[in-house]
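1. structure for the following, please:
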Amino acid sequence: CRALITVDTGLCWLAAAYKFPVLASYSFHYYGKMFVKNIQPNNPNAIYIDGLNVSDISMNAIESSIDFIL
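-> As a prediction, this is how the structure comes out:
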């Protein structure tokens with residue numbers, strides 16, 4: 001595959017270890033908008049998008065992010 005589309009899981013961290021292209025979505029409902037960035041893996045080939053809840057992330061944001069990582 002050319003990219004991984006996921007949420008905050010161990011697979012996201014594994015992909016980051018290999019700098020594999022990733023699109024991951026996060027909720028900042030529990031962590032807060034500023035802190036959620038601290039729980040995202042360091043991966044130069046990743047795009048992380050977040051919303052109050054994951055269901056609040058628009059399909060347009062997801063689609064445009066997929067186009068960017070591919």
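
2. from here on, just use CA atoms for contacts and neighbour counts.
-> OK.

3. give me the pLDDT for P44.
-> P44 is assigned 96 on the pLDDT scale.

4. now the residue most central in space within the chain: which helix or strand?
-> Centroid-nearest residue in the chain: A24, 2.0 Å away (criterion: CA atoms, centre = their mean). Here A24 is covered by strand 22-27, with elements defined by DSSP states H and E.

5. before we move on, what about Y48?
-> Secondary structure from DSSP H and E places Y48 in strand 46-51.

6. now that strand against strand 22-27, angle please.
-> Strand 46-51 runs at 20 degrees relative to strand 22-27, counting by axes from the mean of the first three to the mean of the last three CA atoms, to 10 degrees.

7. now the following helix or strand past strand 46-51: buried residues?
-> Where DSSP H and E defines the elements, the next helix or strand beyond strand 46-51 is helix 59-69. Along helix 59-69, these residues count as buried under the neighbour rule (16 or more other CA atoms under 10 Å): I62, S65, I66.

8. quick one on the thing from earlier: what packs against the strand holding A24?
-> The helices and strands touching strand 22-27, judged by 3 or more CA pairs under 8 Å, 6 or more residues apart in numbering; DSSP states H and E, are strand 4-7, helix 10-17, strand 46-51, helix 59-69.

9. distance from the last one to the middle of the chain?
-> When you say that, I think you mean helix 59-69. Helix 59-69 sits 11 Å away from the centroid of its parent chain (CA atoms, centre = their mean, to the nearest Å).

10. would you mind pulling the contact partners of it?
-> A3, P21, V22, L23, N45, A46, I47, I49 (CA atoms under 8 Å, 6 or more residues apart in numbering).
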